[in-house]
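Enquirer: What follows is a predicted protein model with its sequence.
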Amino acid sequence: MATANPQRGYVLGLTAYIIWGLFPLYFKALQSVPAMEIIVHRVLWSALFGGLLLFVWKHPGWRRELRDNPRRLAVLA
């Protein structure tokens, strides 16, 4: 088991606290954007990035595995 590093914990905790505190500014900036546009962007960019990861991944036979097991394909969808 790795030894505890309290300083790293403090930095990570402070970073999480700052990010959480900045969320209202993020949502305020998105206030003028329609919800459907945000959803479409999230779906398209997620599909693009996920597809890119699948093609870069060096696992032999992953296409066959998805074709033969529709349940795994459903998980990716």
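Expert: On my side now, so go ahead. Residues are numbered from 1 along each chain as shown.

Enquirer: now the farthest one out in this protein, which residue is it?
Expert: No residue in the chain has its C-alpha farther from the mean C-alpha position than residue 3, which lies at 29.0 Å (CA atoms, centre = their mean).

Enquirer: what's around the closest residue to residue 72 other than its chain neighbours, how many residues?
Expert: If the residues on either side of it in the chain are set aside, residue 72 comes closest to residue 66, at 5.6 Å by CB to CB, 6 or more residues apart in numbering. In this view, the C-beta of every residue, glycine as well, is placed from N, C-alpha and C. Residue 66 sits with 16 neighbouring residues when counted by other CB atoms under 10 Å.

Enquirer: mind listing what's buried in the strand or helix carrying residue 66?
Expert: Residue 66 is part of helix 62-68, with elements assigned from DSSP states H and E. Judged by neighbour count (16 or more other CB atoms under 10 Å), helix 62-68 contains these buried residues: residue 66.

Enquirer: Roughly how far does residue 4 sit from residue 70?
Expert: When distances are taken as CB to CB, to the nearest Å, residue 4 and residue 70 turn out to be 45 Å apart.
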